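Fold the following for me, if possible:
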Amino acid sequence: MSSTNKPPAAGPQGTRPQGTRPQAATQASKPREQAPEPQAATLREKRTRSRFFLHPSFLVGAFILFAIGGLAFLGPLFIPLDPNAIDLSNLESAPSAEHLLGTDALGRDVLARLLYGGQVSVMVGVTAVLVQVAIGVLVGSLAGYLGGWVDHVLMRFTEIVMCFPFYAIAISLAAIFGASIGNVILIIGILGWTGLARLVRAELLSLREREYVLAARAAGVSAPVIIVRHLLRNAYGPILVNATLAVANAILAETALSFLGLGVTQPDPSWGNMLSAAQSMRVLSNEPWLWIPPGIAIVLMVLAINFIGDALSSSLAPRQGALLKDLEQRSLFLPRRK
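Numbering: from 1, shown residues only. Alright, predicted model coming up:
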């Protein structure tokens, strides 16, 4: 009687009844089902680019920037005027068909000097920012990744540099080493990297203890590779926004130094020294064509760059969390996270 109530015996060597699946096999299949699609990162990149290129601030800034940049760099091809050519018969003449924006006190064409001066101002601004990025990223990366006494020494040095007034030191250095385009680039570059260095340090401090970084260290990856491949790769958004906005500040700094006669000097044209040549009350009152065009060009250029920086900041901000997750999932040293 008792034998009829026994549970069914298992098959040979522990085989399970039909209709059941091993629990391990079911669990093993879950990560594969939950794994993100390979195209997820590409889709995020496309969405970020779409947000940036369709952002209203980018559209306005890009239009202004390409208009001014196109005139500055392509205008001389269609208006073959020498910015340093002196016409003694047309001293401080008003705008005319021969000189569309008039001439200055030496008879030089204002339009030609405006176009060539735009090339100089933009070149100085971009090159100075490249110097700032090189110094700031290097100092910030070493301080943020290594930490300890290296971080302490580098940050104290950064704070000392930040304590000095920018224009006071810039004017002093320009007076000591002389006014030239190269010196202006170096002065703006070596005095303007501190903010970027602090930004990079803060980003790396928040990333250096993440799992994919710890795994890279355990695998014996060198510090430069970790910094470049795993840390700066995630911090490039704030660096790009900071560098974009720094171009506008560098153009303003060059304009100020050239206005004081310590930047780009005559006869080389720049927007700053064009304003410097038109600072007398007589010119301000009676000859507006000498100061209004460079003034408007400076305002529009700085405004356009700030618009583009704002679009970059708005487009990259929603991506930061997704990028962190993607970095951990795509790391060569860690399996995909569930």
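
top helix in this protein by residue count?
helix 110-146 (DSSP state H).

helices or strands next to it in the packing?
helix 56-78, helix 148-163, helix 181-191, helix 194-207, helix 232-259, helix 271-276, helix 292-316 (3 or more CB pairs under 8 Å, 6 or more residues apart in numbering; DSSP states H and E). Where you see a C-beta, it was placed from the backbone N, CA and C, and this is true even at glycine.

Recalculate using a threshold of 10 Å.
helix 56-78, helix 148-163, helix 181-191, helix 194-207, helix 223-225, helix 232-259, helix 271-276, helix 292-316 (3 or more CB pairs under 10 Å, 6 or more residues apart in numbering; DSSP states H and E).

mind saving the C-alpha coords of the first one as CSV?
Think helix 56-78. Output of helix 56-78 as CSV, limited to C-alpha atoms (Å, rounded to 0.1, in the frame of the first residue of the first chain):
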residue,chain,number,x,y,z
PRO,A,56,18.8,77.3,-31.3
SER,A,57,21.9,78.8,-29.6
PHE,A,58,24.2,76.8,-32.0
LEU,A,59,22.2,77.8,-35.1
VAL,A,60,22.4,81.5,-34.2
GLY,A,61,26.1,81.3,-33.0
ALA,A,62,27.2,79.3,-36.1
PHE,A,63,25.5,81.7,-38.5
ILE,A,64,27.2,84.7,-36.9
LEU,A,65,30.5,82.9,-36.6
PHE,A,66,30.6,81.6,-40.2
ALA,A,67,29.5,85.1,-41.4
ILE,A,68,32.3,86.9,-39.6
GLY,A,69,34.9,84.1,-40.2
GLY,A,70,33.9,83.8,-43.8
LEU,A,71,34.4,87.5,-44.4
ALA,A,72,37.7,87.6,-42.5
PHE,A,73,39.3,84.6,-44.1
LEU,A,74,37.6,84.6,-47.6
GLY,A,75,36.9,88.3,-48.0
PRO,A,76,40.5,89.2,-48.9
LEU,A,77,40.2,86.7,-51.9
PHE,A,78,37.4,88.8,-53.4
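
List the buried residues of it.
57-58, 60-62, 64-65, 68-69, 71-72, 75-76 (16 or more other CB atoms under 10 Å).

Equivalent analysis for the last one, please.
Within helix 292-316, the residues that qualify as buried by neighbour count (16+ other CB under 10 Å) are 293-295, 297-298, 301-302, 304-316.

hmm, back to that, now render the helices and strands packed on helix 110-146 as a markdown table, adding mean pLDDT and distance to residue 136.
As requested, the helices and strands packed on helix 110-146 are exported to a markdown table (pLDDT from 0 to 100; distance: least, CB to CB, whole Å):
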| stretch | mean pLDDT | distance to residue 136 |
| --- | --- | --- |
| helix 56-78 | 89 | 23 |
| helix 148-163 | 93 | 9 |
| helix 181-191 | 93 | 10 |
| helix 194-207 | 91 | 3 |
| helix 223-225 | 87 | 17 |
| helix 232-259 | 91 | 8 |
| helix 271-276 | 91 | 24 |
| helix 292-316 | 91 | 16 |
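
Look at residue 230 and report its pLDDT.
Residue 230 carries a pLDDT value of 84.

what's around residue 266, how many residues?
Residues within reach of residue 266, counting by other CB atoms under 10 Å, total 14.

Got phi/psi on it?
phi -60, psi 150 (degrees, to the nearest 10).

tell me the contacts of it?
84, 106, 258, 273-274, 276-277 (CB atoms under 10 Å, 6 or more residues apart in numbering).

go again using 7 Å as the cut-off
residue 273 (CB atoms under 7 Å, 6 or more residues apart in numbering).

Likewise for residue 270?
117, 120-121, 254, 258, 263-264.

And for it, nearest residue in space, chain neighbours not counted?
Leaving aside its sequence neighbours, residue 270 sits nearest to residue 264 (CB to CB, 6 or more residues apart in numbering; 3.9 Å).

what separates that neighbour from residue 304, distance-wise?
Computed with CB to CB, to the nearest Å, the distance linking residue 264 and residue 304 is 21 Å.

The helices and strands packed on helix 110-146: which one's closest to residue 127?
Nearest of these to residue 127, taken as CB to CB: helix 181-191 at 5.0 Å.

tell me how far the closest one is from the chain's mean position?
Per CA atoms, centre = their mean, to the nearest Å, the displacement of helix 181-191 from the mean C-alpha position of its chain is 18 Å.

related to what we said a few turns ago, can I get the buried residues of helix 56-78 in TSV including distance to residue 160?
Listed next are the buried residues of helix 56-78 as TSV, based on distance: CB to CB, whole Å:
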residue	distance to residue 160
57	36
58	37
60	39
61	35
62	39
64	38
65	36
68	37
69	37
71	42
72	38
75	44
76	44
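
Among those residues, which pair sits farthest apart?
57 and 76, at 29.6 Å, using CB to CB across the buried residues of helix 56-78.

Roughly how far does residue 109 sit from residue 183?
Residue 109 is 28 Å from residue 183, by CB to CB.

Have a look at those two and say which one is more surrounded.
residue 109 (24 against 18).

isn't the more buried one right next to residue 96, touching?
No. Using CB atoms under 7 Å as the test, residue 109 is too far from residue 96 to be in contact (10.8 Å).

shaky segments in the stretch 1-150 of the chain?
Where the stretch 1-150 of the chain drops to pLDDT under 70, the residues are 1-42, 44.
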